[in-house]
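In: My questions are about this predicted structure, shown below with the sequence.
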Amino acid sequence: MFHIFCPYCQEYREEEEFHPSGQAHIERPAEPASVSDEAWGDYLFLRDNPRGIHHEMWVHRLGCRKFFNITRDTASYEILETYRMGEQPSITAASAEVRREQGVQTADGGWQTVGARPENSRLNEETPS
Amino acid sequence: MQRYSGFSLVKHALSHHENWQRHWRNPTPKKRYDVIIVGGGGHGLATAYYLAKEFGVTNVAVVEKGWLGGGNTARNTTIVRSNYLWDEAAQLYNHSLDLWKGLSQDLNYNVMFSQRGVLNLAHTLQDMRDVQRRVNANRLNGIDSEVVTPEQIKEIEPALDTSKRARYPIMGASWQKSAGVARHDAVAWGFARGADALGVDLLQNTEVTGFKIRDGQIHGVHTNRGDIEAQTVGCVAAGNSGVLAKMAGIKLPLESHPLQALVSEPLKPILNTVTMSNHVHGYVSQSDKGDLVIGAGIDGYLGYGQRGSYPTIEHTLQAIVEMFPMFSRVRMNRQWGGIVDTCPDACPILSKTQVKGLYFNCGWGTGGFKATPGSGHVFAASLAKGEMHPIAAPFSIDRFHTGALIDEHGAAGVAH
Ligand SMILES: Cc1cc2nc3c(=O)[nH]c(=O)nc-3n(C[C@H](O)[C@H](O)[C@H](O)COP(=O)(O)OP(=O)(O)OC[C@H]3O[C@@H](n4cnc5c(N)ncnc54)[C@H](O)[C@@H]3O)c2cc1C
Ligand SMILES: [Zn+2]
């Protein structure tokens, strides 16, 4: 269960008061009629979907009902910061405190499940059938 | 490969069942293959099996970062059905259902496919209209759907609360009798054993960390066990498809979400069929071991952690108790999550990419288990011929630019 700090209410509240609303900082093309089908399709459907640091929009649905942004690690689920609409994140995949483990960006405190690991090397020992 | 039969069972009884053959080899990766499949889930293993069996391509490797069938294949709630609305999807899932019917025989492996039927409940007037529309569309596509009344539902599933007292009284349902459940692990193991016997190398604990791409053509993959070469690579990595696509410089219209499921303590037989409700938002069936197999919706945020959040579990069980009040004191035994790759139109992507020889089969989201044999079959045909199979062709990634979406949100409904 997430404990989310609403940057408007200035309080930690339980996840159930909130609703996730997808990737943040997506800009609608200023003149939809003049963009190509490719650009319009990309705007509507393509998402970053990273395994690691993600900036996403949430709404405090059962609270102040305002939208705001969260920077969260999608592998460890750790919430790294919350910030108001119109503001920019202070932690990004390029930040100094973000490290890369087996292709995944994790900020400190990260916890994750990943694939191939030394302790499973028995799976690589040759066996006949 | 030793064939399984009544005779082999008796024979092995004499040696206390201690000398059964291993299901598959653990080979050392070769330098190059004709085809590499990334992802050893049901879909990847089925692709490799049909490549070898139907299309004569046996120099194939399946590269799996964990163990075979440890992803969504081992985590789903095993519902198999084909009552999808649009022609393209109906063909794809029905092709799969046809293969399910002979799968245990074909693989010489009991996948425990049990056609016990699926009810999709309607609780509102709009639900009823949707059910009727979908059933009519199904019937035009030769799918055995019918609309059933609350009285008929009561006969099919007596434990279900069909009374007028319910908070969301049941007005009717769609009923697909040929639908059902199968044993998910057995599906992965059966395809793996069959593929191995035909010469396919199954490489476990082998993680793809990058692609070798030169002049817009794929030349192989980088892994934690060294580079492996191939001119054709098919990625079948479910929730991690976007991560792989990024390594190849491709962006996909996918979002990866946790999807949870639960099983209860084992009970005596109580459920006859699979009951699903989009409106109350939950579904349940009973496994042959006796546990209730329960699922509902995704967790709304992105996640790769293979676990979900507690509020979702609570909502799921609320829905089950609303439909089956008698389950209110059943205890849950286990709960888990898988990472599902949801697509904007709730249909999969089976497609070429801008990199020549690199294909993706993904976006099955919450409902791809039912498609395992069909998806593997048409994807194998596409990889072998270098042209998308006619059933797969409408599921090209181009549809997000042309607008030719195949909207199955109604049929996909409550995640399954
Ligand atoms: C809780 C739950 C319930 C579900 N219920 C149903 C249901 O009732 N009916 C239904 O039809 N569907 C259901 N589904 C959906 C279904 O499970 C999936 O659509 C289907 O199993 C996908 O199969 P797959 O083989 O593509 O994926 P997976 O089995 O997930 O296989 C993908 C494999 O790729 C591997 N991989 C990923 N990245 C790499 C890499 N870099 N290198 C090497 N290997 C990699 C993974 O380790 C994994 O083993 C459910 C899913 C969940 C999570
Ligand atoms: Zn608030």
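Out: Perfect, I can see it now. Numbering: from 1, shown residues only, chains lettered A, B, ... in the order given. Ligands and ions are numbered 1, 2, ... in the order given.

In: Only C-alpha atoms from now on, for both contacts and neighbour counts.
Out: OK.

In: Contacts only, for residue B:264.
Out: Contacts of residue B:264 were listed using C-alpha atoms under 8 Å, 6 or more residues apart in numbering or on different chains, and they are B:291-293, B:330-334.

In: The helix or strand containing it and ligand 1, are they touching?
Out: In this structure, residue B:264 sits in strand B:255-266 according to DSSP states H and E. Yes - figure legend: strand B:255-266 in contact with ligand 1 (C-alpha under 6 Å from any ligand atom); contacting residues B:259-261.

In: Which members of those are classed as buried?
Out: B:259-261 (16 or more other C-alpha atoms under 10 Å in any protein chain shown).

In: quick one: is stretch B:345-365 near ligand 1?
Out: Yes - using C-alpha under 6 Å from any ligand atom as the criterion, contacts between stretch B:345-365 and ligand 1 involve B:364-365.

In: quick one: the residue of the stretch 1-150 of chain B found nearest ligand 2 from residue B:215, how far?
Out: Of all residues in the stretch 1-150 of chain B, the one sitting closest to ligand 2 is residue B:124 (33.5 Å; C-alpha to the ion). Here the criterion is C-alpha to C-alpha, to the nearest Å. By it, residue B:124 lies 56 Å from residue B:215.

In: what do you get for residue B:400?
Out: For residue B:400, the distance to residue B:215 equals 25 Å [C-alpha to C-alpha].

In: Also residue B:195?
Out: Residue B:195 sits 32 Å away from residue B:215, taking C-alpha to C-alpha as the criterion.

In: Next, the residue nearest to the spatial centre of chain A: secondary structure please.
Out: Compute the mean C-alpha point of chain A, and by C-alpha atoms, centre = their mean the closest residue is residue A:54, 2.5 Å away. Reducing the assignment to helix, strand or coil with DSSP: H, G, I helix; E, B strand; the rest coil, the entry for residue A:54 is strand.

In: Pretty sure it sits against residue A:71.
Out: Yes - counting by C-alpha atoms under 8 Å, residue A:54 touches residue A:71, with 5.6 Å between them.

In: Common neighbours of those two, please.
Out: Counting by C-alpha under 8 Å, 6+ apart, the shared contacts of residue A:54 and residue A:71 are residue A:92.

In: who's in contact with the residue of the stretch 1-150 of chain B closest to ligand 2?
Out: Taking C-alpha under 8 Å, 6+ apart as the definition of contact, the neighbours of residue B:124 are B:168, B:170-171.

In: Distance of it relative to ligand 1?
Out: In this view, residue B:124 and ligand 1 are 24 Å apart by C-alpha to the nearest ligand atom, to the nearest Å.

In: Just the pLDDT for that residue.
Out: At residue B:124 the predicted local confidence, pLDDT, stands at 96.

In: cool, residue B:338 as well?
Out: The predicted local confidence for residue B:338 comes out at a pLDDT of 94.

In: Pretty sure it sits in a strand.
Out: Yes - applying three-state DSSP, one finds residue B:338 inside a strand.

In: What sits closest to it if chain neighbours are left out?
Out: Leaving out its chain neighbours, the residue that sits closest to residue B:338 by C-alpha to C-alpha, 6 or more residues apart in numbering or on different chains is residue B:306, at 4.8 Å.

In: For that neighbour, what are phi and psi?
Out: Dihedral pair for residue B:306: phi 50, psi 40, per degrees, to the nearest 10.

In: neighbours around the residue nearest to residue A:63 when sequence neighbours are not counted, how many?
Out: In space, residue A:63 comes closest to residue A:17 once its chain neighbours are excluded; the distance is 6.5 Å by C-alpha to C-alpha, 6+ apart. When counting by other C-alpha atoms under 10 Å in any protein chain shown, one arrives at 15 neighbours for residue A:17.

In: So for residue A:17, what's the pLDDT?
Out: According to the prediction, residue A:17 has pLDDT 96.

In: I'd guessed it sits against residue A:64; true?
Out: No - assessed by C-alpha under 8 Å, residue A:17 is found out of contact with residue A:64, at 9.8 Å.

In: Determine whether any part of stretch A:42-57 lies close to ligand 2.
Out: No - on the criterion C-alpha under 5 Å from the ion, stretch A:42-57 is out of touch with ligand 2, staying 12.9 Å away.

In: roughly how far out does that stretch sit from the chain middle?
Out: Computed by C-alpha atoms, centre = their mean, to the nearest Å, the separation of stretch A:42-57 from the middle of its chain amounts to 7 Å.

In: Tell me where the chain is predicted with low confidence.
Out: In the absence of a named chain, this looks at chain A. Judged against pLDDT under 70, the low-scoring parts of chain A cover residues A:101-117, A:119, A:127-129.

In: look at chain B instead
Out: For chain B, the stretches flagged by pLDDT under 70 are B:413-416.

In: can you give me the helices for it?
Out: In chain order, chain B shows helices spanning B:6-13, B:42-54, B:87-101, B:103-107, B:125-140, B:150-156, B:184-197, B:241-247, B:310-323, B:372-385, B:399-402, B:409-412, with DSSP state H as the criterion.

In: Same check on chain A?
Out: Shown for chain A, the helices assigned by DSSP H span residues A:37-45.

In: Now do the strands in it.
Out: Along chain A, counting by DSSP state E, strands occupy A:3-6, A:11-14, A:19-23, A:53-59, A:67-73, A:79-84, A:99-101, A:104-106.

In: residues making contact with the second one?
Out: To tie it back to what came earlier, the one meant is strand A:11-14. Strand A:11-14 is contacted from outside by A:1-6, using C-alpha under 8 Å, 6+ apart.

In: Give me the buried subset of those residues.
Out: Buried among the contacts of strand A:11-14 by 16+ other C-alpha under 10 Å: A:2, A:4-6.

In: Which members of those residues additionally contact chain B?
Out: Checked against chain B using C-alpha under 8 Å from any C-alpha of the partner chain, these yield the following neighbours: residue A:2.

In: Need the buried ones among the contacts of strand A:11-14 in JSON lines (columns: distance to residue B:343).
Out: Shown next, in JSON lines, are those (distance: C-alpha to C-alpha, whole Å):
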{"residue": "A:2", "distance to residue B:343": "25"}
{"residue": "A:4", "distance to residue B:343": "27"}
{"residue": "A:5", "distance to residue B:343": "30"}
{"residue": "A:6", "distance to residue B:343": "29"}
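
In: how about the residues of the stretch 101-250 of chain B near ligand 1?
Out: Of all the residues in the stretch 101-250 of chain B, those in contact range of ligand 1 (C-alpha under 6 Å from any ligand atom) are B:207-209, B:236-238, B:240.

In: one more time with 8 Å, if that's ok
Out: For the stretch 101-250 of chain B, the contact set with ligand 1 under C-alpha under 8 Å from any ligand atom comprises B:181, B:205-209, B:223, B:236-241, B:243-244.

In: Can you select the buried ones among those for me in PyMOL?
Out: What follows is the PyMOL syntax for the buried subset of those, where burial is set by 16+ other C-alpha under 10 Å:
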select buried, chain B and resi 181+205+206+207+208+209+223+236+237+238+239+240+241+243+244
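
In: And the residues of the stretch 101-250 of chain B next to ligand 1, which is closest to residue B:83?
Out: residue B:181 (14.3 Å; C-alpha to C-alpha).

In: Now that closest one: closest residue in space, sequence neighbours ignored.
Out: The shortest distance from residue B:181 to any residue that is not its chain neighbour, by C-alpha to C-alpha, 6+ apart, is 4.7 Å, and that residue is residue B:79.

In: hang on, isn't residue A:123 packed against residue B:26?
Out: Yes - using C-alpha under 8 Å as the test, residue A:123 is close enough to residue B:26 to be in contact (7.1 Å).
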